[in-house]
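Colleague: Just the structure for this:
(2 chains)
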Number of protein chains: 2
Amino acid sequence: MAELIRTEEYPIYIGNDSLEALSAYFKLNTFSSCFILLDEHTAKYCLPILLDQVPFLAAAKVIVINSGEINKTLATCTHIWEELTAGGAGRKSILVNLGGGVITDMGGFAAKTYKRGIHFVNVPTTLLSQVDASIGGKLGVDFNGFKNHIGLFGYPNIICINAAFLKSLPSREIKSGFAEVIKHALIQDKIYWEAIQYITDVSEMEWNSCITRSVGVKKKVVDQDPFENGIRKALNFGHTLGHAFETYLLNTEQHLLHGEAVALGMIIEAYLSNKKGLLSDSDLQSIVSFIIQIYGKANIEGYDWNQLLACMGQDKKNVSNKISFTLLNGIGDVVIDQHFETAAIIEAVEYYQSL
Amino acid sequence: MAELIRTEEYPIYIGNDSLEALSAYFKLNTFSSCFILLDEHTAKYCLPILLDQVPFLAAAKVIVINSGEINKTLATCTHIWEELTAGGAGRKSILVNLGGGVITDMGGFAAKTYKRGIHFVNVPTTLLSQVDASIGGKLGVDFNGFKNHIGLFGYPNIICINAAFLKSLPSREIKSGFAEVIKHALIQDKIYWEAIQYITDVSEMEWNSCITRSVGVKKKVVDQDPFENGIRKALNFGHTLGHAFETYLLNTEQHLLHGEAVALGMIIEAYLSNKKGLLSDSDLQSIVSFIIQIYGKANIEGYDWNQLLACMGQDKKNVSNKISFTLLNGIGDVVIDQHFETAAIIEAVEYYQSL
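Modeller: Numbers count the residues shown, from 1 in each chain, chains lettered A, B, ... in the order given. A predicted model of the protein is given here:
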């Protein structure tokens, strides 16, 4: 049976038979019309699996967008709103988001703002969206180069996570998603951190248990602080500098996938944790070794410091223009709202470059 | 002292000294930065009053948009997001919406979606926004000709209503707003309906008590059903056909202000109420006489029935493509979710034309 994580707002089903739960959901609930949002990849690799296991959806109208973070824009969102309008979607309609974080974030935003909100369901198909993006209610689009700059908090009716979708993913995508698994272990699950130390090849993972453990950490944190006024910032570990490098490199040849940027960010922010006396030298060393072993070193040569700083300055978690970091307080614990002088941040980036 | 209506989410101050409450609010609360959204009219006539009574706002950054429903678009909203971004707005920033329904609806939407939500305050300056639009949490923009098609529910931190702003309004705008006062009386306040029968010149009203009574009706209905699953549809009286004509005539020379369209819609929907046996002939007659005396007859000659029907088909309150009406069940009461065959709706529109 699919693992069931019941949250206050919505149930999350994880496992090989999680789509049966979705099928049952459509038998139990009536909607005036049904839409599926997907991109060219999920149309090809994931839609057949979905339709096979949820035959009810054969009658749904399909909305296709181009894949990739670069298309997570208001323009694409406008296309989704236009398709919903053309398809006669009303308040009792439902949108099924079938794809990675771009699809679940943007589809959720489009649904919650169409006619002041219609229903939606998340069927995340990448590891990143299965362990992170599809959980927790952050919805939105990028705006003028700033990630998730326009958005809101909102929840799907149900989330169905099936590792079968991962088989179609390139290994670079799987590794990218695995960065959030590492982060979840580092911020709250020391035992799991020790367990994954033995992994040398991410493609050999047993995903159902890994996803369940990782979703458990994310949910526990989000439930304590849904609107990110405090402890939810724990999830931001690795993301202050990770987001900044991801944004900064977005339209360059060195561009990084989200998890690759977070992997880089976790090393730099682990260094800052060590510098502040919160993380031992040996823990820093074990984090650096494990991440470099899986991801190698990102190419950040010749970056412009002021532009990078500007990218950090737009982070939503900042208050009063101070740049906030979440640091590790040993492995398995964090401290939030930590600040550094510019010189210390530069030193930490240089540490990464020296590796 | 300003009248205070305390709702679960936010306080509403009404009266000549309501802006003192706003001034006190800014003394009690700290924001990282402050923005004022206005249009060329409120910049000229209302900003001086606001700054005079709330000196704290002298340091606020001003965002100016062009006035009018025609500018209640994603493009204008994008401009607001860009100005917030350029001004370094963060989660602890606040936006003061100074204007009519376009400003409070769109400014609220822009605020609630910027970085997943910043604070906002409503200072409505038209009668329509003071008695209706600024209250109740419906935020959004028009989209491809459909009114408020993209939006969400969200609440300001505080609403300050001051009738002094009305002095700068053309009488056509005042009369437009008065249509919602009439509606509030008709749907829930028979005594007030009888009181306003003696009005022949809207410009002679004593606004503070009128606004307080009207806001009271609106709030009472909204509090019972904030997300419009049921009784909030009471407020839709006059709006099914009103909205449709407003949308249909939007870019023509016959275009109607919102309240003018609602006045027309209330006559047609009062006729439908009478046809269904819910409203007596004499009550229908008194409604028609009063509205025509104030608004005259709108020019709807030569309208295209199919296009009008298409405009009704996009109404957000419709379920399963049936067009829903809210009808009067006598004066002071309503029934929601009423449906008619197309022929009956045509007959009602023809009744209006025959007046």
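Colleague: so A:I70, which of the three states?
Modeller: Here A:I70 takes the helix state, with states given by DSSP: H, G, I helix; E, B strand; the rest coil.
Colleague: ok, now which ones touch it?
Modeller: A:250-251 (Cβ atoms under 8 Å, 6 or more residues apart in numbering or on different chains). Yep, even glycine has a C-beta here, placed from its N, CA and C like the rest.
Colleague: Can you give me the pLDDT of it?
Modeller: Turning to A:I70, the model gives it a pLDDT of 89.
Colleague: and what of the one 3 residues further on?
Modeller: Model confidence at A:T73, expressed as pLDDT, equals 97.
Colleague: distance of it from chain B?
Modeller: 11 Å (Cβ to the nearest Cβ, to the nearest Å).
Colleague: so where is chain A shaky, pLDDT-wise?
Modeller: A:1, A:6-8, A:314-321 (pLDDT under 70).
Colleague: and the longest strand along it, what does it pack onto?
Modeller: Using DSSP state E to define each element, chain A has its longest strand at strand A:146-153. Packing contacts for strand A:146-153, counted by 3 or more Cβ pairs under 8 Å, 6 or more residues apart in numbering or on different chains; DSSP states H and E, involve helix A:101-113, strand A:138-143, helix A:239-248, helix B:74-86, helix B:101-113.
Colleague: could these be laid out in TSV, adding mean neighbour count and distance to B:K297?
Modeller: As requested, the helices and strands packed on strand A:146-153 are exported to TSV (neighbours: other Cβ atoms under 10 Å in any protein chain shown; distance: least, Cβ to Cβ, whole Å):
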stretch	mean neighbour count	distance to B:K297
helix A:101-113	27	37
strand A:138-143	24	45
helix A:239-248	25	57
helix B:74-86	18	33
helix B:101-113	27	24
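Colleague: out of the ones you listed, which comes closest to B:L22?
Modeller: Of all the helices and strands packed on strand A:146-153, helix B:101-113 sits nearest to B:L22, with 14.3 Å by Cβ to Cβ.
Colleague: ok so, going back, need the contact partners of the following helix or strand past the longest strand of chain A.
Modeller: Note on strand A:146-153: by DSSP states H and E, the next helix or strand toward the C-terminus is strand A:159-161. Residues from elsewhere that reach strand A:159-161, judged by Cβ under 8 Å, 6+ apart: A:2, A:10-15, A:18-19, A:21-22, A:121-124, A:130, A:134-135, A:211, A:215.
Colleague: Can you list which of those are found in helices?
Modeller: Mapping the contacts of strand A:159-161 onto helices (DSSP state H) picks out A:18-19, A:21-22, A:211, A:215.
Colleague: show me the contacts for the closest residue to chain B within the stretch 101-250 of chain A.
Modeller: Closest to chain B within the stretch 101-250 of chain A is A:K115: 4.4 Å, counting by Cβ to the nearest Cβ. Listed by Cβ under 8 Å, 6+ apart, the contact set of A:K115 reads A:89-91, B:149, B:151, B:316.
Colleague: How much space separates it from A:S32?
Modeller: The spacing between A:K115 and A:S32, counted by Cβ to Cβ, to the nearest Å, is 12 Å.
Colleague: now do A:G137
Modeller: In terms of Cβ to Cβ, A:G137 sits 24 Å off from A:S32.
Colleague: who's more crowded, those two?
Modeller: A:G137 (20 against 17; other Cβ atoms under 10 Å in any protein chain shown).
Colleague: Run a quick check on the more buried one versus A:P226, I expect a contact.
Modeller: Yes: using Cβ atoms under 8 Å, A:G137 is in contact with A:P226, at 6.4 Å.
Colleague: how many neighbours does the closest residue to A:K112 other than its chain neighbours have?
Modeller: Nearest residue to A:K112 in three dimensions, chain neighbours excluded: A:G154, at 4.0 Å (Cβ to Cβ, 6 or more residues apart in numbering or on different chains). Using other Cβ under 10 Å, A:G154 has 19 other residues around it.
Colleague: wait, A:G154 sits on A:A110?
Modeller: No: counting by Cβ under 8 Å, A:A110 is not a contact partner of A:G154; they are 10.6 Å apart.
Colleague: So what touches the host helix or strand of A:L50?
Modeller: A:L50 is located in helix A:47-53, with elements delineated by DSSP H and E. Helix A:47-53 is contacted by residues A:19-20, A:22-23, A:36, A:38, A:57-58, A:62, A:96, A:98, A:123, A:162, A:164-165 when judged by Cβ under 8 Å, 6+ apart.
Colleague: Nearest to B:N251 among these?
Modeller: A:V62 (32.5 Å).
Colleague: quick one: contacts of the host helix or strand of that closest one?
Modeller: Here A:V62, judged by DSSP H and E, is contained in strand A:61-65. Residues outside strand A:61-65 that contact it (Cβ under 8 Å, 6+ apart): A:33-40, A:43, A:47, A:71, A:76, A:79-80, A:83-84, A:87, A:103, A:106.
Colleague: Can you list the strands that that strand pairs with?
Modeller: strand A:34-39 (parallel) (DSSP bridges).
Colleague: Identify each buried residue in the strand it pairs with, please.
Modeller: Residues of strand A:34-39 classed as buried: A:34-39 (neighbour count, 16 or more other Cβ atoms under 10 Å in any protein chain shown).
Colleague: Dump the C-alpha coordinates for it into PDB.
Modeller: Provided in PDB are the C-alpha atoms of strand A:34-39 (Å, rounded to 0.1, in the frame of the first residue of the first chain):
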ATOM      1  CA  CYS A  34     -10.700  18.500 -15.400                       C
ATOM      2  CA  PHE A  35      -7.400  19.800 -16.800                       C
ATOM      3  CA  ILE A  36      -3.800  18.300 -16.900                       C
ATOM      4  CA  LEU A  37      -0.800  20.600 -17.000                       C
ATOM      5  CA  LEU A  38       2.400  19.100 -18.400                       C
ATOM      6  CA  ASP A  39       5.400  19.900 -20.500                       C
END
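Colleague: next structured bit after that strand?
Modeller: Counting by DSSP H and E, what follows strand A:34-39 is helix A:40-45.
Colleague: Counting neighbours, which bits of that next one end up buried?
Modeller: A:41-43.
Colleague: And A:G140, how close does it get to A:C34?
Modeller: 23 Å.
Colleague: Dump the C-alpha coordinates for stretch A:208-216 into CSV.
Modeller: Taking Å, rounded to 0.1, in the frame of the first residue of the first chain, the C-alpha atoms of stretch A:208-216 are listed here in CSV:
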residue,chain,number,x,y,z
ASN,A,208,10.2,5.0,-1.9
SER,A,209,11.8,4.9,1.6
CYS,A,210,14.1,7.8,0.8
ILE,A,211,11.3,10.0,-0.5
THR,A,212,9.1,9.1,2.5
ARG,A,213,11.9,10.1,5.0
SER,A,214,12.7,13.3,3.1
VAL,A,215,9.0,14.4,2.8
GLY,A,216,8.6,13.7,6.5
